[in-house]
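[1] sharing a model that was predicted from the sequence below.
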Amino acid sequence: MTFVVFCLVIISCKNDDDEIICCQQPIVTDVTFTFSHNWDDNDVNSSDFNTTQYTNANGEILTISKIRYLLSHFELVNTNGNSFPLTGYNLIDLSNPDSFTFNTTIADGIVYPGLYTLKFNYGFNEEDNIDGAYPDLNSASWNWPTMLGGGYHFLQFDGMFNVNTTAPSPFNYHNGTAKISDGVFEQNFVSFEFFPEIVIEPNSSIEIKMDLSEFFKNPIVWDLNTYNTSLMPNYDAQKMMQQNVGSVFSIGQITQE
Amino acid sequence: MKKWLVYSILCICLSCSNEPTDADTDMYVPTPSPLQIPELFENLIIPPVIPINNPQTVDGISLGKKLFFDPILSANNSQACASCHNPQNAFTDNAKFSIGIDGIAGNRNSMPLFNMAWNYDELFFWDGHAFSLEHQALEPVTNPIEMHNTWNVVVSRLQESTEYPELFRKAFGNVPITKELATKAIAQFERTLISANSKFDRYLLGEAVLTPEEENGLNVFMDENRGDCFHCHGNPNNPLWTDNIFHNNGLDATFSDLGLGQVSGDPADNGKFKSPSLRNLAFTAPFMHDGRFNTLDEVINHYSEGLVYSPTIDPLMKKVDEGGVHLTPQDKSDLKAFLLSLSDPSFINNPDFQMP
């Protein structure tokens, strides 16, 4: 009992002049990610929607009206190969700047400052991709139809192409679980791992850049005249998207506040 | 190092000041009446929006209900909120354009009222021009083509009435009647208008079975090759059956009503209106912001073959050059059967929501 009281006294004395100066190594409890979007290095934000025209690798001229995407399973791996998962997932919506900042905690508590490899998943892996399990994503109507394997969208990218002609046409570049045949599905997320390692300190902020032009370019030059709408039930389109996502993300600025 | 002692004494003193004193006795605390959140909503979607400065209370809700049904709000005492928001029509009316007290029709179809606490962005009206239910409720009273009154008149009528001063006192304590309190009460009542007991809800809870037609209709709704309605109108995991977001769903080539564009001033928003919930369609005809369609068949035909291109059309409206995806007659009638399974007769007949 005396011991407990003693502790309390120490804590309540924290503001006193004779505060104990801590000599611990600094620790990292959380990391902030910021998300930025560009088309071949030109910034894209919602004020470009429906107006700014972009030319894709196949030569179609298009405008964008909506982009949302899901990143999950952020992880830091230290130079010894030990992995430290970060909490949660983030649904980024280009029309909602609040979603461009994602502050997340180290799931097991802390890591020490140092060099780490950053990993995350585009979309949800099979274990996380549980139909209806996330109320915030349900409320955002982010669901992927059960008949296509259920769970959630990974990407919703909508716009119009051939906007330079008299007959602009819609495209719905939506990505999620791929359906092989009725009741048979194939996972379709992408795991990213970024080299070289980055320095993580207390209050680190890491920019994740998305280059939208890559969706149409690398490795598959996307032909919107063939693949434009109703791509969700289209197995080939789903797998081609998965391939093209591979070059969309990169790490930008890293700041330590 | 003995400061903690001082702190403790201070703490004791602080807690002393929480004891009731004479000055505090007029701090009236009405009885809370938290929203009864339906099981499906609880399981599937994030909690409703209740402003911290307007908690749900027993007396607030019952005052709001009385006000909602009372023509005292309109200039000539002829029209209540309920005149254009009738419980039997899931709180809309069956006119293309509602008629105000001076016999003048507006240019928009009245909107059904339910599950509004789950409109997370709190943007109300077809074009989203009112933020929050409390603010929304200020407008019909003074709108010249609706109740055509002034709040000063309303407030003095309420003050002079034999019943209202006591009802306001019970709901909010000993404070003067104001338009802010009146709309707070109305908003509390509106938040209780919850619809979550359609056949489809019961199917999701394992308490009802869909017919083969309804089941195929759901598949049409969820199939990107056919209806593709779910990107804007919810899905079995989003039982609101709306995204509460603004879209141009291909009704017109040019706009006499700019919708969201009028509010935002951005031409890229022209012709965009809020997706309505697809609950209770059995009671809410006519449809769309201007009530242009009298039946669900007309609505389905619009999406199937009546789409019209305009520069702000939502890219989810496919095959616009062909008017739409051309659903088969079977898919159309099954889609309709499914849509009707989202209607909730227990909502329109809920005794708590009828004229007091």
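    Okay, I see it.
[2] contacts and neighbour counts: CA atoms only from here.
    OK.
[3] ok and the residue in the stretch 151-257 of chain A nearest chain B?
    Per C-alpha to the nearest C-alpha, the residue of the stretch 151-257 of chain A with the smallest distance to chain B is A:Pro170, at 4.6 Å.
[4] for chain B, what are the nearby residues on chain A?
    Within chain A, the positions near chain B by C-alpha under 8 Å from any C-alpha of the partner chain are A:9, A:12-13, A:16, A:49-51, A:65, A:132-136, A:138-141, A:143, A:145, A:158-160, A:167, A:169-172, A:229-233.
[5] quick one, helices of the stretch 1-150 of chain B?
    B:3-16, B:39-44, B:58-68, B:81-84, B:133-136, B:138-142 (DSSP state H, counting those that start in this stretch).
[6] try chain A
    Across chain A, reading from the start of the chain, the helices by DSSP state H fall at A:2-12, A:135-139, A:235-245.
[7] who are the packing partners of the last one?
    Judged by 3 or more C-alpha pairs under 8 Å, 6 or more residues apart in numbering or on different chains; DSSP states H and E, helix A:235-245 is in contact with strand A:169-175, strand A:178-181.
[8] buried ones in the lengthiest strand in chain A?
    The strand of greatest length in chain A, counted in residues with DSSP state E as the criterion, is given as strand A:61-78. Within strand A:61-78, the residues that count as buried by 16 or more other C-alpha atoms under 10 Å in any protein chain shown are A:61-78.
[9] swap in stretch B:258-266?
    Buried residues in stretch B:258-266, defined by neighbour count with 16+ other C-alpha under 10 Å: B:258-262.
[10] who touches stretch A:160-168?
    For stretch A:160-168, contacts defined as C-alpha atoms under 8 Å, 6 or more residues apart in numbering or on different chains pick out A:53, A:60-65, A:169-171, A:224, B:315, B:321.
[11] and which of those residues is nearest to B:Glu166?
    Using C-alpha to C-alpha, A:Ser65 is the member of the contacts of stretch A:160-168 that sits closest to B:Glu166, with 52.6 Å.
[12] the closest one touches A:Pro170, doesn't it?
    No - applying C-alpha atoms under 8 Å as the test, A:Ser65 and A:Pro170 come out as separate, 10.0 Å apart.
[13] which residues sit in contact with the spatially most central residue of chain A?
    The C-alpha lying nearest the average C-alpha coordinate of chain A belongs to A:Leu71 (C-alpha atoms, centre = their mean; 2.9 Å). Each residue near A:Leu71 by C-alpha under 8 Å, 6+ apart is listed here: A:89-91, A:120-124, A:154.
[14] which strand residues bridge it?
    When bridges are assigned using DSSP bridges, the partners listed for A:Leu71 are A:Asn90, A:Tyr122.
[15] ok, back up a step: okay, the buried residues of stretch B:258-266 in CSV with distance to chain A and pLDDT next?
    Rendered in CSV, the data for the buried residues of stretch B:258-266 read as follows (distance: C-alpha to the nearest C-alpha, whole Å; pLDDT from 0 to 100):
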residue, distance to chain A, pLDDT
B:Leu258, 16, 98
B:Gly259, 17, 98
B:Leu260, 15, 98
B:Gly261, 13, 97
B:Gln262, 17, 97
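[16] of these, which belong to helices?
    Cross-referencing the buried residues of stretch B:258-266 with the helices (criterion: DSSP H) gives B:260-262 as the overlap.
[17] any idea of the pLDDT on B:Leu14?
    pLDDT recorded at B:Leu14 is 39.
[18] A:Tyr54: how many residues sit nearby?
    18 (other C-alpha atoms under 10 Å in any protein chain shown).
[19] quick one: B:Thr295 and B:Asn301, what's the gap?
    Applying C-alpha to C-alpha, to the nearest Å, the value for B:Thr295 to B:Asn301 is 10 Å.
[20] just B:His231 next, same as before
    Distance from B:His231 to B:Asn301, counting by C-alpha to C-alpha: 19 Å.
[21] and what of B:Gly323?
    Relative to B:Asn301, and taking C-alpha to C-alpha, B:Gly323 is found at 10 Å.
[22] check A:Val31 too.
    51 Å.
[23] neighbour count for these two, which is higher?
    The residue with more neighbours, out of A:Val31 and B:Asn301, is A:Val31; 20 against 17, by other C-alpha under 10 Å.
[24] dump the residue contacts of the more buried one.
    When contacts are counted by C-alpha under 8 Å, 6+ apart, A:Val31 is found next to A:103-106, A:202-206.
[25] mind putting these into TSV with pLDDT, distance to B:Thr57 and neighbour count?
    Written out in TSV, the entries for the contacts of A:Val31 read as follows (pLDDT from 0 to 100; distance: C-alpha to C-alpha, whole Å; neighbours: other C-alpha atoms under 10 Å in any protein chain shown):
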residue	pLDDT	distance to B:Thr57	neighbour count
A:Asn103	97	36	15
A:Thr104	97	37	18
A:Thr105	97	38	17
A:Ile106	97	41	19
A:Pro202	93	45	16
A:Asn203	92	43	16
A:Ser204	95	45	17
A:Ser205	97	44	21
A:Ile206	97	46	23
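[26] with distance to B:Pro236 added, can I get these in a markdown table?
    A markdown table is the format used below for those (distance: C-alpha to C-alpha, whole Å):
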| residue | distance to B:Pro236 |
| --- | --- |
| A:Asn103 | 30 |
| A:Thr104 | 30 |
| A:Thr105 | 32 |
| A:Ile106 | 33 |
| A:Pro202 | 42 |
| A:Asn203 | 40 |
| A:Ser204 | 40 |
| A:Ser205 | 37 |
| A:Ile206 | 36 |
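[27] who does the spatially closest residue to A:Leu62 that is not a sequence neighbour form a beta bridge with?
    Nearest non-adjacent residue to A:Leu62, counting by C-alpha to C-alpha, 6 or more residues apart in numbering or on different chains: A:Phe161, 4.0 Å away. Beta-bridge partners of A:Phe161, counted by DSSP bridges, are A:Leu62, A:Ser169.
[28] before we move on, what about B:Thr57?
    Applying DSSP bridges to B:Thr57 gives these bridge partners: B:Pro32.
[29] which residue does the stretch 1-150 of chain A bring closest to chain B?
    Residue of the stretch 1-150 of chain A nearest chain B, by C-alpha to the nearest C-alpha: A:Pro135 (4.2 Å).
[30] tell me where the stretch 151-257 of chain A has strands.
    Counting by DSSP state E, counting those that start in this stretch, residue ranges of the strands within the stretch 151-257 of chain A are A:155-161, A:169-175, A:178-181, A:184-186, A:190-200, A:204-211, A:249-256.
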